[in-house]
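Student: the following comprises the amino acid sequence and a computationally predicted model.
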Amino acid sequence: NSSLLISHHLTISNRGTIRLPFTTLCHWFRCNSISSHFILIDLPSIMPILNRISAVQLILAVLLSVASGCSSVLTYQALELPAELSAPQVVDASQLNLYQLGSAYSDQGTIYPRDVLTILTMAGDELNTSTTTARPSVDVPVDDDGTVDVPLIGAIPVAGLTLAQAANAIRDTSVKQQIFVQPVVSVLFKKQNVHVLTVTGAVETPGRYELRPGTCTVAAALQAAGGLTNKADPNVEVQIPGTPAARDRSSSNSQPPILTAGHQSSGMPLREATSSATLPQLLRISLLNPETGQMASRNDLPDGTVVTVREQPERFVSVIGLATNKAVELPYDREYYVLDAIAEAGGPRYSPLIANKIKVLRPHPQTGETVTIKMTMGEAKSRQDANIALAPGDVVSIEETPLTFTLGTIGQLVGIGFTATRTATLSP
């Protein structure tokens, strides 16, 4: 019937029961959370050892363990918590202003390289100015250098012009070259060049979208997909396919080069990634980085680019101690505070006037060492800076006090007595 009872107080009863702080248990077993307020560990296997140890030796060993364990714990009051130990800021990705990174819309009448134009000319022939001849329409592509080769006239720059401006340029050039006297020129789109981008992951409407070259940016692709969800990670991956010939030459390479936008990179700068690169590449872009946003809005993504937005991992905190032990999922779109987690767990087991001590156990962001943050229930309710925001992995513990311990012990004794009386009554 020997057992080791671990709770929040160190006592040895007349029956040999040992009570230890749960923080000591954490130091002994390197555990991150406690599954119940009181933990019973049967010790039949080590009783022969304990029988050889005197009570004084055992008490000294326990005290040394507590002292050595507590000496390594960093402890702060919530009202004096250093900024570097505060919870990271929660970013609701669905509220990011993607329009600051570049517009998804452009003038559909703007001409770009690789468009195909239909040109119709109604003109008076230079040799016979009294007659007007309707010449057959011609379909001409816009070359990569932005020019069109118009029959009888030659190459005319039209990239970046509207259809009306291109018609005026063709008319003026034909008159200047004395090919036509008073031509009437019309220019229409036969086919518009578009880049097909695939947007996947945590966006409102994943799919494939056709974007004009002048607005084929990361921001435009995300806007076309309806924007980000509130679970979206603001770090976006952009996979650029490269040219077909380069892909064939690099088929033996399993992974494309990785360029990290807005951070140090071993590859070329982001602004050059889509203009001079021919090999497949993977860009990692932080939408929260101003430098990244500017670069992403300037780059013209090629046809076949895939934009991937991953979801943030699920984030939890634990509530233990004088409350229902519970893992609470943190929301993605707002800060979550100590009192929120306690309320989600059903509140303290006793009145807040009695159970008023709170601890938050938090891993140090640099060292990983456990940091203890202390506050009282009254402070958390009356001061916002004491009701601190929680970080993923935090453990919120409503601590035992002498009064709550006394009440709990009385409740256990009453329960044991009631059970014994009921058993005796039911016995034949």
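Tutor: Nice, I can see it. Model, not experiment: these values are computed from the prediction.
Student: thought residue 355 was touching residue 398?
Tutor: Yes. Contact criterion CB atoms under 8 Å: residue 355 and residue 398 qualify, at 5.5 Å. From N, CA and C alone the C-beta is placed, and that goes for glycine too.
Student: intersection of neighbour lists for those two?
Tutor: Taking CB atoms under 8 Å, 6 or more residues apart in numbering as the criterion, residue 355 and residue 398 both touch 322, 348-349.
Student: only whichever of these are buried, select them in ChimeraX.
Tutor: Provided next is the ChimeraX selection string for whichever of the shared contacts of residue 355 and residue 398 are buried by 16 or more other CB atoms under 10 Å:
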select :322,348,349
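Student: now render the shared contacts of residue 355 and residue 398 as TSV, adding pLDDT and distance to residue 162.
Tutor: Shown next, in TSV, are these (pLDDT from 0 to 100; distance: CB to CB, whole Å):
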residue	pLDDT	distance to residue 162
322	90	72
348	90	69
349	86	73
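Student: re the thing from before, residue 355 and residue 398: who's more crowded?
Tutor: The neighbour comparison of residue 355 against residue 398 (other CB atoms under 10 Å) goes to residue 398, with 25 against 22.
Student: what pLDDT is listed against the more buried one?
Tutor: What the model reports for residue 398 is a pLDDT of 93.
Student: that one and residue 141, how far apart?
Tutor: For residue 398, the distance to residue 141 equals 73 Å [CB to CB, to the nearest Å].
Student: using the three-state scheme, assign residue 236.
Tutor: Secondary structure for residue 236, judged by DSSP: H, G, I helix; E, B strand; the rest coil, is strand.
Student: ok so, going back, which one of the shared contacts of residue 355 and residue 398 is nearest to residue 216?
Tutor: Minimum distance to residue 216 across these is 56.3 Å, recorded for residue 348 (CB to CB).
Student: ok, and the closest non-adjacent residue to that closest one?
Tutor: Closest residue to residue 348 apart from its sequence neighbours, by CB to CB, 6 or more residues apart in numbering: residue 355 at 4.3 Å.
Student: which stretches of the stretch 51-200 of the chain form helices?
Tutor: Per DSSP state H, counting those that start in this stretch, the stretch 51-200 of the chain carries helices over the ranges 55-70, 163-176.
Student: comparing these, which yields the minimum mean pLDDT?
Tutor: helix 55-70 (a mean of 49).
Student: still on that earlier bit, would you verify that the residue nearest to residue 348 is located in a strand?
Tutor: No. According to three-state DSSP, the state of residue 355 is coil, so it is not within a strand.
Student: if we can go back for a sec, need the shared contacts of residue 355 and residue 398 in a markdown table (columns: secondary structure and distance to residue 374).
Tutor: Shown next, in a markdown table, are these (DSSP: H, G, I helix; E, B strand; the rest coil; distance: CB to CB, whole Å):
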| residue | secondary structure | distance to residue 374 |
| --- | --- | --- |
| 322 | coil | 15 |
| 348 | coil | 16 |
| 349 | coil | 19 |
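Student: which among the shared contacts of residue 355 and residue 398 gets closest to residue 218?
Tutor: Closest approach to residue 218 among those (CB to CB): residue 348, at 47.9 Å.
Student: can you pull the contacts of the closest one?
Tutor: With contact taken as CB under 8 Å, 6+ apart, residue 348 is in contact with 322-323, 342, 355, 377, 398.
Student: gap between it and residue 367?
Tutor: 31 Å.
Student: residue 194 too?
Tutor: 51 Å.
Student: who's more crowded, these two?
Tutor: More crowded of residue 194 and residue 367, by other CB under 10 Å: residue 194, with 16 against 9.
Student: residue 180 contacts residue 121, correct?
Tutor: Yes. Residue 180 lies in contact with residue 121 (CB under 8 Å); the separation is 7.3 Å.
Student: quick one: mean pLDDT over stretch 180-195.
Tutor: On average, the pLDDT along stretch 180-195 is 91.
Student: mind listing what's buried in that stretch?
Tutor: Residues 180, 183, 185-187, 192-195 are the ones in stretch 180-195 that count as buried (16+ other CB under 10 Å).
Student: please report how far the residue nearest to residue 348 lies from residue 372.
Tutor: For residue 355, the distance to residue 372 - CB to CB - is 18 Å.
Student: over to residue 193?
Tutor: For residue 193, the distance to residue 372 (CB to CB) stands at 62 Å.
Student: in the stretch 201-350 of the chain, which spans are helices?
Tutor: Secondary structure of the stretch 201-350 of the chain, counting by DSSP H, counting those that start in this stretch: helices at 218-224, 244-249, 270-273, 290-298, 338-344.
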